[in-house]
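[1] sequence unavailable; structure follows:
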Ligand code: SF4
Ligand code: SF4
Ligand code: SF4
């Protein structure tokens, strides 16, 4: 098991690609390097996109809480730190850089079979956003309802049978 | 102490008489076989710590499976308060999957559990069906052929999770209705089921069953204290393709933790391998299964009474 972990460390650095094996000096990004706002709309379908106020969120959370080990700051999550404590800043710090938009497609699932792979369970992009956003919003009293962050589209209302597609009033439930 | 006859023993006893000869004849051919499910089969790992009860999965399933309009919109959360016959919502012919809320004592937030067919590795519905209406596909789905179904409801009784239901559009055209793992429209083309794709929280992780077990173990191991150390469905009823992990003991979130660890019909497998023979002894079987049905309810009632008695 230990040996496997060591192989994984090395393999990971290569596999993830974006990760720099940091040379002598480790530098890190800081909040000023970050964009003011990020439009999150790569998955738009049932809901409209989200205009994410990055500048505002910097006051609530440290970089690492969302960017894990890629911004070059001290790695706080012990699971990340096992391999990435000296990884330094990554070439790619966006969410899409690591979290697949098509997490469950066949090819992606096949890549999980690599025996040396540590990240067998990295959430896809949609999962990564919601898991991180909602869990933090729950503890900081941020918005947690679906439509608190994004409005449902017509396609969404149709699928959820809501809004103008609501079941007719007085519509009786099946059975008794 | 009251002695309750387990379903398997009951079956063994009840059927042994009629089938003894056949079993003996077939023993050699089948004894060596132990079907462990398809190793390459797919599954879904449901993580109860991630589910927020948004019901997107229900909505997506309704659309994908072309099920009828629901009584309430899928963003109406009052359904979590619905109790029918003393029970939370169950799957039926209009909903192949439902999400229920559980208020666990000493927990500051509710938990939600999505239920659907668990796509057992060795499905009791399949082994109990006289006309071979069910198939376990190499991809992991348990599907059925409604054309050959005679509406006997045996599978309903056999299923340890109370999943199959029936639609009687006409008395002569009964149809089993249950989650099919989106087999026809997605799984057979290597695509994830509609509910999985819709879940915002990735509470549903689709993948090869073997990989999912590793993922589940990794989650449990690497976030100490977050989960109970058990993957429900890894061993239950001989293994299921849909499995669950949870932050609280499974019986607190509606799981039956008393299901056997081996396939429900393991001990009658030899017998069930000779389905054509079964056709000739139908009447006897029907009686048997009817008894079985009443028995199951009785045991449940008994358990309930016992429980109430203890309080
Ligand atoms: S959960 Fe029930 S219906 Fe689904 S495969 Fe298992 S026995 Fe059959
Ligand atoms: S797998 Fe398909 S049929 Fe089964 S619950 Fe999900 S969407 Fe419905
Ligand atoms: S879509 Fe996901 S998070 Fe929402 S209720 Fe279903 S399983 Fe839970």
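    Received the coordinates, thanks. Note that the structure is a prediction, hence the values are computed from the model and not measured. Ligands and ions are numbered 1, 2, ... in the order given.

[2] any idea how many residues pack against residue 53?
    In the absence of a named chain, chain A is used. Neighbours of residue A:53 under the rule other C-beta atoms under 10 Å in any protein chain shown: 11. Every C-beta, even on glycine, is put in place using the N, C-alpha and C of the backbone.

[3] please refer instead to chain B.
    When neighbours are defined as other C-beta under 10 Å, residue B:53 has 19 of them.

[4] remind me which helix or strand the residue of chain A found nearest chain B belongs to.
    Nearest residue of chain A to chain B (C-beta to the nearest C-beta) works out as residue A:127 at 2.7 Å. Taking DSSP states H and E as the definition, residue A:127 sits inside helix A:125-140.

[5] low-confidence stretches in chain A?
    Along chain A, segments meeting pLDDT under 70 span A:1-32, A:42-43, A:169-176.

[6] all strands for it, in order.
    A:37-40, A:50-53 (DSSP state E).

[7] neighbouring strands for the first one, and are they parallel or not?
    What it means is strand A:37-40. Within its sheet, strand A:37-40 is paired with strand A:50-53 (antiparallel), according to DSSP bridges.

[8] circling back to that earlier point, tell me how far the residue nearest to the residue of chain A closest to chain B when sequence neighbours are not counted lies from residue A:46.
    Closest residue to residue A:127 apart from its sequence neighbours, by C-beta to C-beta, 6 or more residues apart in numbering or on different chains: residue B:202 at 2.7 Å. Shown here: residue B:202 relative to residue A:46, a distance of 16 Å by C-beta to C-beta, to the nearest Å.

[9] and residue A:150, backbone torsions?
    Per-residue torsions, residue A:150: phi -140, psi 140 (degrees, to the nearest 10).

[10] contacting residues around it?
    Neighbour list for residue A:150: A:47-50 [criterion: C-beta atoms under 8 Å, 6 or more residues apart in numbering or on different chains].

[11] pull out the buried members of those residues.
    Among those, those scoring as buried are A:47, A:50 (criterion: 16 or more other C-beta atoms under 10 Å in any protein chain shown).

[12] look up how far residue A:126 lies from the nearest residue to residue A:124 once chain neighbours are set aside.
    Nearest residue to residue A:124 in three dimensions, chain neighbours excluded: residue A:103, at 2.5 Å (C-beta to C-beta, 6+ apart). Using C-beta to C-beta, residue A:103 is found at 8 Å from residue A:126.

[13] domain assignment for chain B?
    Structural domains assigned to chain B are B:1-33, B:35-263, B:266-303, following automatic domain parsing.

[14] rewinding a little: and the strands of chain A as JSON lines, adding distance to residue B:158?
    Putting the strands of chain A into JSON lines (distance: least, C-beta to C-beta, whole Å) gives the following:
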{"stretch": "strand A:37-40", "distance to residue B:158": "47"}
{"stretch": "strand A:50-53", "distance to residue B:158": "47"}
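
[15] include distance to ligand 1 when you put those into CSV, please.
    Formatted as CSV, the strands of chain A follow (distance: least, C-beta to the nearest ligand atom, whole Å):
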stretch, distance to ligand 1
strand A:37-40, 37
strand A:50-53, 37
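
[16] give me every residue that touches the residue of chain A found nearest ligand 3.
    Relative to ligand 3, the nearest point of chain A is residue A:130 (8.2 Å; C-beta to the nearest ligand atom). With contact taken as C-beta under 8 Å, 6+ apart, residue A:130 is in contact with B:200-202.

[17] so residue B:61 sits in a helix?
    Yes - counting by DSSP: H, G, I helix; E, B strand; the rest coil, residue B:61 is found in a helix.

[18] that one: what's it in contact with?
    Shown in contact with residue B:61 (C-beta under 8 Å, 6+ apart): B:67, B:95-97, B:116, B:179, B:194-195.

[19] name the residues contacting each of residue A:103 and residue A:126.
    Residues touching both residue A:103 and residue A:126 by C-beta under 8 Å, 6+ apart: residue B:202.

[20] neighbour count for residue B:202 and residue A:46, which is higher?
    residue B:202 (24 against 21).

[21] got the residues of the stretch 151-300 of chain B near ligand 3?
    Residues of the stretch 151-300 of chain B lying close to ligand 3 by C-beta under 6 Å from any ligand atom are B:198-199, B:201, B:203-204.

[22] for residue B:252, state which of the residues you listed is nearest.
    Among these, residue B:203 lies closest to residue B:252 (C-beta to C-beta), at 17.6 Å.

[23] residue ranges with poor pLDDT in the stretch 201-311 of chain B?
    Using pLDDT under 70, the stretch 201-311 of chain B drops low at B:265-311.

[24] what are the ranges of the helices in chain A?
    Per DSSP state H, chain A carries helices over the ranges A:2-16, A:54-57, A:63-67, A:78-84, A:95-98, A:106-111, A:125-140, A:146-149, A:154-159.

[25] give me the buried positions along the longest one.
    Along helix A:125-140, these residues count as buried under the neighbour rule (16+ other C-beta under 10 Å): A:125-134, A:136-137.

[26] next step: the contacts of residue A:130 restricted to helices.
    Reading helices off those, I find no matches (DSSP H).

[27] now these as TSV including distance to ligand 2?
    Formatted as TSV, the contacts of residue A:130 follow (distance: C-beta to the nearest ligand atom, whole Å):
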residue	distance to ligand 2
B:200	15
B:201	15
B:202	14
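
[28] nearest to residue B:186 among these?
    residue B:202 (17.2 Å).

[29] I'd like to know how many residues surround residue B:205.
    27.

[30] list the contacts of it.
    A:121, B:44-47, B:196, B:212, B:215.
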